[in-house]
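Participant: Okay, predicted coordinates and the sequence, questions at the end:
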Amino acid sequence: MSKKALVFLAPGYEEIEFISAVDILRRAGIDVSIAGLPDKNPVKSARDVAIIPDIGISEAADAGPFDVMVLPGGLGCARAMAESEEVGKLLKDQESKGRKVAAICAAPTALKAHCIGPGKKVTSYPAMAGAMKEGGTYEYKEEDVVIDGNIITSRGPGTATAFALTVVKELLGNEKASEIAKAMLIKF
């Protein structure tokens, strides 16, 4: 049975982080659903690129279960995810079942807002480090990609490809991730 991923999409998302995740997961044969906040109308990025989600956030629970939920960065997107009760409910259910949650750039702050993965090692965009360290909820690392149990975090646009390939590796194994990387001319 094919692995399934849910990728959140909210206004102000970071284009490279979002597209890299969706593209690389789909190249690996993972069934990706894009869930728009607040609904399935087109969502504009931080630089006005519009993407049409597959489903609205209210439909996401019924589309699952998902092997991984991916939170792309972008400050506006991260704030929207952090403030969304629906996102929080989905993430808490995902975590309670031991399924993977992956967040990049500013998006780890949404994990913190919803109390996902306390005590875990995480990373984020450098400007978010203070917020992630505050209160001692996490063990903060300055690495490109950090995996701690079911939580995967990464730093920003320049690490988006490694982040997405790591998600593939965690779901389908190193051989599949290496195959995708090689086809994309990426050292992984």
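Facilitator: Cool, got the structure. Predicted model, so just to flag it, every value in this text is computed and none were measured. Numbering: from 1, shown residues only.
Participant: Can you list the low-confidence ranges for the chain?
Facilitator: Low-confidence regions of the chain, defined by pLDDT under 70, span residues 1.
Participant: Residues contacting stretch 157-171, please?
Facilitator: The list of residues contacting stretch 157-171 from outside it, by C-beta atoms under 8 Å, 6 or more residues apart in numbering, reads 3, 5, 14, 16-17, 20-21, 23-25, 28, 30, 67-68, 70, 73, 100, 102, 104-105, 144-145, 147, 152, 154, 176-177, 180-181, 184, 186, 188. C-beta here means a position set from N, CA and C on the backbone, and glycine is covered the same way.
Participant: Can you turn the buried part of these into a PyMOL selection?
Facilitator: Selecting just the buried residues from the contacts of stretch 157-171 in PyMOL takes one command, with 16 or more other C-beta atoms under 10 Å as the test:
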select buried, resi 3+5+14+16+17+20+21+23+24+25+28+30+67+68+70+73+100+102+104+105+145+147+152+154+176+177+180+181+188
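Participant: Go through the contacts of stretch 157-171 and flag which are in strands.
Facilitator: With strands defined by DSSP state E, the entries of the contacts of stretch 157-171 inside them are 5, 68, 70, 100, 102, 104, 145, 147, 152, 154.
Participant: Take those residues and write them to CSV, including distance to residue 60.
Facilitator: What follows is the ones in strands among the contacts of stretch 157-171, written out as CSV (distance: C-beta to C-beta, whole Å):
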residue, distance to residue 60
5, 11
68, 13
70, 12
100, 16
102, 15
104, 19
145, 25
147, 24
152, 19
154, 22
